[in-house]
Structures are given as structure tokens and as C-alpha cells.
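K.L.:
I need the structure of the sequence given here:
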Amino acid sequence: MEGTSAAANSSSLPPPSQRLSQIRRRKKKTRDDVFAEIMESTRSDRAHLNEWKDMVSKYRKEASEREDMRDQREDRRDAQDERWRQEDQRRQDAMLGLLREQTDMLRRLVELQERKQDNRVPLQPLYNPPRPHHVP
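P.N.:
Just a heads-up that it's a prediction; the model follows:
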């Protein structure tokens, strides 16, 4: 079987003289043809490279925009945190001010009460003999 398939394959090939004639009849590529093919290949490669560069540029631009938006959100959050911190500080300062005023008022009341007691005539003990109870 192998011999028949080898014979079949060799019979399908043209004889060497015919192959040589086919090769000679082919159009030979000139230097200009080769140069044109190289330039076309280069244009195609350049187009793919430019397409890739555009895609990378677009991705970087989108990534940069996302980062800018994230930075803006963080800046707004930081500003809000700062406003809240300042508001908390104002409330704390106001509360401390009220506590100082209340402390001062209590101190003055205590001082006033102490002065009142110092100016009073001391109470004299009264001697009241017990009364006899009326029994009816």
C-alpha cells in the first residue's frame, strides 16, 4: 500500500522540467515590489501600533478622570469632616462657656449666702417651759 500511495504522490507532481518552467514563468519581484510590500506591512504595523496607542491613551485618560473624581470626592469628604470638626469645636466652646457662667453664678450665690449668714444676729436659744396639757 505504501508503494502505491508514494507512486500516486509522485505521479501528481509535475516533472522537474515543468516545475522549472513554471518557476521561470512566475513574475519576479523587483526591488520596488519588495519595497512596496515592506512599506505596506509597515503601514499596517504602524496602524496597529497607533490603534494600540490610542487605546492605551484612552484607558489612561479614563483612569485619570476616575482618579480625579475620587480625589474630588475625598476633598469634599475632607471639607465636610473639617466643617463638622469646627461645628463640634464651636459647640464644645459654647458648652464650656455655659458651664463657666453657671460655675460663676453658683460661686456668687455661695458667697452671697455666706455673707448673709455672717451679718445675721446669732439666734438665741429660747427657753419655753413645757405647758401642762389640758386634759378635758
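K.L.:
Could you pull out the strands in this structure for me?
P.N.:
In the chain, no strands are defined using DSSP state E.
K.L.:
where are the low-confidence patches of it?
P.N.:
For the chain, the stretches with pLDDT under 70 are 1-11, 24, 26, 121-123, 129-130, 132, 134-136.
K.L.:
One more pass at 80, please.
P.N.:
Counting by pLDDT under 80, the chain has low-confidence residues at 1-12, 19-30, 119-136.
K.L.:
Distance of the most centrally placed residue in it relative to residue 97?
P.N.:
In the chain, the C-alpha nearest the mean C-alpha coordinate belongs to residue 70, at 4.5 Å (C-alpha atoms, centre = their mean). Separation of residue 70 from residue 97 (C-beta to C-beta, to the nearest Å) stands at 40 Å. In short, each C-beta sits where N, CA and C put it, glycine included.
K.L.:
got it, and residue 37?
P.N.:
Taken as C-beta to C-beta, the span from residue 37 to residue 97 is 89 Å.
K.L.:
now residue 84
P.N.:
20 Å.
K.L.:
mind listing the helices for the protein?
P.N.:
For the chain, the helices defined by DSSP state H occupy 2-12, 16-25, 31-119.
K.L.:
next one: the longest one to chain centre, how far?
P.N.:
From the chain centre to the centre of helix 31-119 is a distance of 9 Å (C-alpha atoms, centre = their mean, to the nearest Å).
K.L.:
Great, nothing more from me.
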